[in-house]
Structures are given as C-alpha cells and as structure tokens.
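> how would this look folded up:
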Amino acid sequence: MPAGGRMPVDLLEGCLRWGARGLSVLVFVFLLGELFGDHAGSKGPTPSEWAQLGLFPIGMAVGLAIGWKWEVPGGAVAVSCLALFYVLHRVLSGGFPRGPWFLIFTIPGFMFLIAGLLDRAAYSRSG
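Next up, the predicted model:
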C-alpha cells in the first residue's frame, strides 16, 4: 500500500470515473432511443418545453460528455442543468417532476463530480 493510505481512494476514484463513463453511455443510448423513437402524431414541444429540454436532457447530456475529459466541469454542468430543470419546471407548472427518473439519469454526473473532486483533493495533498 502506498504511503498515506492512498490506494483505497484511488480505487474509489477509478470506480467512480469508469462507472460514470459506463452509465453515461447507457444514458446516451436511452436518450437517443427516445429522440429517434416513434412519436407519430406529436405536434412538437412548446417554447416552455424547449426551455426545459435545453436543460434536461440536452444540457445534462452535454455535461456527461464533458465529464469524459474533465470530470468536475462535466459533472457540475450535468448536476446544475438538473437543478435548473427542477426550478424551471416548478416555475412553469407549479410543481416538481414526478418520479425519480430525472435524478437517476443524472447519477453519472454526480459520479463524475465526486471522482474529479477526489482527484483534485489528492493532487493538492501531494503537491
């Protein structure tokens, strides 16, 4: 074991990073399936729905993509878009979205954020 007991933190950081990458691929596949799925008879989103779509899933997915290269900024974008989506939904509809799905799809963003913060903390301790 390296000096300072770093190995468990390295293992956790690696599991979070690769877990976030794997889960983000699953999220992308699901979102693409929804995007190109059968929506016959749909007249399209309203302007307020476009604003919400810009935050979730579009902004959240952009954050996940950024997280592959830069964990903290990518995770921060994904999680911030989720939070802003909830605020906007509350303002526009008077309530919060039902069910856990929006939060579940953003789990990789939280994982990227934590992995990146662990990496930064280790770097600042070693430097």
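> buried sites along stretch 15-22?
Residues of stretch 15-22 classed as buried: 16-17, 20-21 (neighbour count, 16 or more other Cβ atoms under 10 Å). C-beta: built from backbone N, CA, C; applies to glycine.
> report pLDDT for residue 53.
Looking at residue 53, its pLDDT reads 93.
> ok, back up a step: now secondary structure and distance to residue 96 too, for the buried residues of stretch 15-22, in TSV please.
Formatted as TSV, the buried residues of stretch 15-22 follow (DSSP: H, G, I helix; E, B strand; the rest coil; distance: Cβ to Cβ, whole Å):
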residue	secondary structure	distance to residue 96
16	helix	27
17	helix	30
20	helix	25
21	helix	29
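> tell me the one of those nearest residue 71?
For these, the minimum distance to residue 71 (Cβ to Cβ) is 6.6 Å, reached by residue 17.
> which helix or strand contains the closest residue to that closest one other than its chain neighbours?
Leaving aside its sequence neighbours, residue 17 sits nearest to residue 115 (Cβ to Cβ, 6 or more residues apart in numbering; 4.3 Å). Assessed by DSSP states H and E, residue 115 sits inside helix 107-126.
> what packs against that helix?
helix 7-35, helix 60-67, helix 71-93 (3 or more Cβ pairs under 8 Å, 6 or more residues apart in numbering; DSSP states H and E).
> which residues does the second one contact?
Residues external to helix 60-67 that are found in contact with it (Cβ atoms under 8 Å, 6 or more residues apart in numbering): 20-21, 24, 27-28, 31, 73-82, 85, 105-106, 108-109, 112, 116.
> ditto for the last one
The set of residues that contact helix 71-93 without belonging to it, under Cβ under 8 Å, 6+ apart, is 17, 20, 48, 51-52, 55-56, 59-68, 95-97, 102-103, 106, 108-117, 119-120.
> so how far is it from its chain's centroid?
Chain-centre distance of helix 71-93: 9 Å, with Cα atoms, centre = their mean, to the nearest Å.
> pull out the buried positions in that helix.
If you call a residue buried by 16+ other Cβ under 10 Å, then helix 71-93 has these buried ones: 71-72, 74-79, 81-82, 84-86, 88-89.
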